[in-house]
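In: Prediction below, plus the sequence it came from.
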Amino acid sequence: MPHPFSRYRLRLFGDFVRIVLAPTLVFGSALAMCRIRLGLSTPIAWLAFVSTASYARVVHRDYTQRREAQQRGSALPVEVVGRWPGNIDILIKLGKSVLTSYPGSFYLSLFEEYQCTTLNLKLLWSDLIITMDEEHIKHILATGFNHFWRGRRQKERMETFLGDGIFNRDDEEWKKHRALARPFFARDRIADFDLFEKYGGATLTILRGLAARGAPVDVQDLFSRFTLDAAAEFLFGERLDTLHGALPVAGQAVLGTKGAATADAFGAFVQAFEAAQNIITLRQVRGYFWPVREVLADKVEPHAAVISAFLEPIVQRTLDRKKKMREAGVSPSAEHDTFLDYLADHTEDSKVIRDQLLNILMAGRDTTACLLTYVTYAMAMYPDIARKMREEVLKICGHDAPNFEKLKALRYVHAVINETLRVFPPVPINVRETREHGVVLPPSDPTYAPPPTPIYIPGSTVVMYLPVLTQRNSALWGDDADVFDPERWLDARLRRFTENPMMYTPFSGGPRICIGQNYARNEATYLLVRLLQQFDGVALAPEAQPAGSLPPPQWKHGAGRASEERIWPAYAITLFVKGGLWVRFRQASDEE
Ligand code: HEM
C-alpha cells in the first residue's frame, strides 16, 4: 500500500510550502496590494522573488549558525567548495563514487585536500557533515550521546524498510526495543553452540561436496544463509532452511544487487532485502533532496512488499499458536524460548512484530556473514595467516566441537577476526543527526594540525561518520595501517588501541553499542574452527566471479588498499563483496 502521507512526502510538502508557496503568496499579495500588473514578465519576476527569498533564507541561516558558533567560542566546520553552485559537481562525484570507487576513498580525498578530519559537504546549500575524526566519533556515539540521535532524516529514508524497528527509533521507543531484545543475548543463551553446530554442519557439508569436485563456491551467499538460518532459529524458533535451497552456480550466477542472485523464493527475498538497502544508501548519498525523485513512487515499497510476503507467514504462525494457547487457557511463560514468542505475547500487531523481526534479521545476517566472508578473503590472500589459524585451532580444539573455553583460548583466530573487523568493518559508514540545538565538538584527533578553535555543529544537522577511514588512519594505527596484520592485536601495537578504544568501533560504541556482538563473535569463531578443522587451503576463484564484479582496472593505481584488492568491496548499509566471494576450498589430508 502506498503511503501518501509518509514522513518524506510530508516533509517535502512542508518544504514546498516554505520555499515556494509562502513566497508566492507574499509575492501575489504584494502585487495585488500595490495594484501592480507585470503582464508577461510575471513568471520571471515570480522566479526572481522566490529565488531571492530562498537565498535570503540561506544567508540568514548561515549568519545565525556563525553567530551561534561565535557565542560558543567555536567555528563552523570547513566547507567543501565545489566548482558548481550548490556543490552539484561534488554531489555528482559522490553518487558516482558509491558505484565505482573503493569504499570511503572519495571522502578520504576530500579530507586530504582540506587537511582536516571533519568537513561540511554543503550539498545543494544544505549542511552535511562528514567525519573520520576519532575524537568526534567518540563524542557522537558516547560522551555527547544526548546531543545526537538517529533523527528525522534517517527515519524518512528507512521508514518503509525498517518501520518501527530498533534501528529506526530514538529515545523512549528505542529504549523499550533495546530492553526487549537484550535478555535474548545473555551469556547462557549465546554460549549454546548446538545451533551453530547444526547449521555449521550443513554449511560444511555443502563446502565438502563442492571441494571434492574442485568446484568454486560463493561463500558470501553461503555464509549469509548460515547466519540467517541460525538467527531465525535462535530468535524466532523458525527453521528457514535456506541452506538447503538452490545455491548460485559458478558460470551461471548473475550479478545481483550485492552478491550473486538465485531465482527461487529465497532468492527473491534476498534480492528485495539487498535492493532496499541499496536504495537507502543512495538516498543517503543524495542527501536532503532525495524525496524529490521519489515523490510519486517510493522505490523501497515494492521490495518491502516482497520482504513482508516472506516474513508474514512466520509471524502469522506464531500469532495463531499464541491465540490457540490463550484459548486453551495456557498463560505465557516468563521464560520465553524465542524473541518472537516474547513479542507475540506483548502485541498482536503483526506489523510491529514483523518490523522487529526484520531489524534483528538485518543486524544478524549481513554483518556476521560479512565478517566471515572477509576472514575467508584474508585467508585466501594471505595463506600464512590461514596456516597459523589452522595450527592454533588443531592445537587447542583438535578435531572436536569446541566449547566456550576453547573458543576463548584461540588468541590468533580472535586477532584475525579483530583485524578483519578493523580493515573491513561490516558497517563502514553510519549516520547521526544533531538534535534541535547545536553542539561543540571536542578538539580534533592528531591526524592533521588541529583547528585553532573547536568545531560547532548546528542543530538538526546530519553527520556522517566513517569507521572505515578511522580504522585505517595511519595517524592512529601507524604507518602500516593499510596492511592486514593480525599480529598488531598481539604485540606492542595493541597499546594504541587500549589507550584509545574509540578508534576501533566495528560494533559502534556508547549506549547504542551492538547487542549482538558476543553472539556474532561466538558464531563466527565457531564456524571458522569447524571450517579450519576440515580444510587446509582456500584460493580465490576469479574466473567464477559474475561479469562486472572484479575490481575496476583503475583501482590498480589507487591509493591505500585499493591497488592490492582482488575483489570489489562495496557497501549498501553493510559492506559486501560485489558479485559474491567465489573461492575453492582444499580438503585437509589430516581431516578426521
Ligand atoms: C560482525 C557482526 C556485527 C557487527 C559488525 C555489528 C555492528 C553493529 C553496529 C555498528 C551497530 C550500531 C548501529 C547504529 O547504532 O547505527 C549495531 C547495532 C545493533 N546490532 Fe549489531 N553487529 C553485528 C552482529 C549483530 C548480531 C548477530 C545481532 C543480532 C542477532 C546484532 C544486533 C544488533 C542490534 C539489535 C543493534 C541495535 C542496537 C541499538 O540501536 O541499540 N548485531 N551492530
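Out: Yep, it's here.

In: Relative to the ligand, how far out is Val375?
Out: Distance, Val375 to the ligand, using C-beta to the nearest ligand atom, to the nearest Å: 10 Å. Every residue, glycine included, has its C-beta placed from N, CA and C.

In: what's near enough to touch the residue in the stretch 201-350 of the chain that the ligand sits nearest to?
Out: Taking C-beta to the nearest ligand atom as the measure, the point where the stretch 201-350 of the chain comes nearest the ligand is Ala231, at 5.2 Å. The neighbourhood of Ala231, defined by C-beta atoms under 8 Å, 6 or more residues apart in numbering, consists of 360-361, 364-365.

In: Which members of the residues you listed are the farthest-apart pair?
Out: Ile360 and Arg365 (9.2 Å; C-beta to C-beta).

In: Relative to Pro458, how far out is Tyr63?
Out: Distance of Tyr63 to Pro458, given as C-beta to C-beta, to the nearest Å: 12 Å.

In: Of these two, which one has the most company?
Out: Pro458 (21 against 10; other C-beta atoms under 10 Å).

In: So the residue of the stretch 201-350 of the chain closest to the ligand: helix, strand or coil?
Out: helix (DSSP: H, G, I helix; E, B strand; the rest coil).

In: what's the domain layout of this protein?
Out: Annotated domains of the chain cover 7-162, 167-428+471-587 [automatic domain parsing].

In: Could you dump these into JSON lines and include mean pLDDT?
Out: Formatted as JSON lines, those follow (pLDDT from 0 to 100):
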{"stretch": "domain 7-162", "mean pLDDT": "93"}
{"stretch": "domain 167-428+471-587", "mean pLDDT": "91"}
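
In: Among these, show me which one is buried the most.
Out: Mean neighbour count (mean count of other C-beta atoms under 10 Å) peaks for domain 167-428+471-587 among these, with a mean of 18.

In: so how far is it from its chain's centroid?
Out: Centroid separation for domain 167-428+471-587 versus its chain: 11 Å, with C-alpha atoms, centre = their mean, to the nearest Å.

In: repeat for stretch 40-47
Out: 46 Å.

In: Kindly report the same for stretch 429-449.
Out: With C-alpha atoms, centre = their mean, you get 20 Å for stretch 429-449.

In: Just the mean pLDDT for it, thanks.
Out: Mean pLDDT, computed over stretch 429-449, is 95.

In: how far does that stretch stretch from start to finish?
Out: The straight-line separation of the ends of stretch 429-449 (C-alpha to C-alpha, to the nearest Å) is 24 Å.

In: Over to stretch 118-136?
Out: Chord length of stretch 118-136, first to last residue, is 8 Å (C-alpha to C-alpha).

In: mind checking the SS state of Gly459?
Out: Going by three-state DSSP: Gly459 is coil.

In: List phi and psi for it.
Out: The phi and psi values for Gly459, taken as degrees, to the nearest 10, are phi -60, psi 160.

In: Helix or strand: which one has Trp174?
Out: helix 171-181 (DSSP states H and E).

In: whoops, Glu433 was the one
Out: Under the criterion DSSP H and E, the helix or strand holding Glu433 is strand 430-434.

In: Contacts made by that strand with the rest, please.
Out: 140-141, 147-154, 284, 457-465, 467, 508.

In: partners of it in the sheet?
Out: strand 148-149 (antiparallel), strand 462-465 (antiparallel) (DSSP bridges).

In: Take those and write them to JSON lines, including distance to Pro85.
Out: Converted to JSON lines, these look like this (distance: least, C-beta to C-beta, whole Å):
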{"stretch": "strand 148-149", "distance to Pro85": "30"}
{"stretch": "strand 462-465", "distance to Pro85": "21"}
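
In: Can you pull the residues of the stretch 51-200 of the chain lying near the ligand?
Out: Contact residues, the stretch 51-200 of the chain versus the ligand (C-beta under 6 Å from any ligand atom): 166-167, 178, 181.

In: What residues does the residue of the chain found nearest the ligand make contact with?
Out: Taking C-beta to the nearest ligand atom as the measure, the chain has Gly516 as its residue closest to the ligand, at 2.1 Å. For Gly516, the contact set (C-beta under 8 Å, 6+ apart) comprises 185, 360, 363-364, 367-368.
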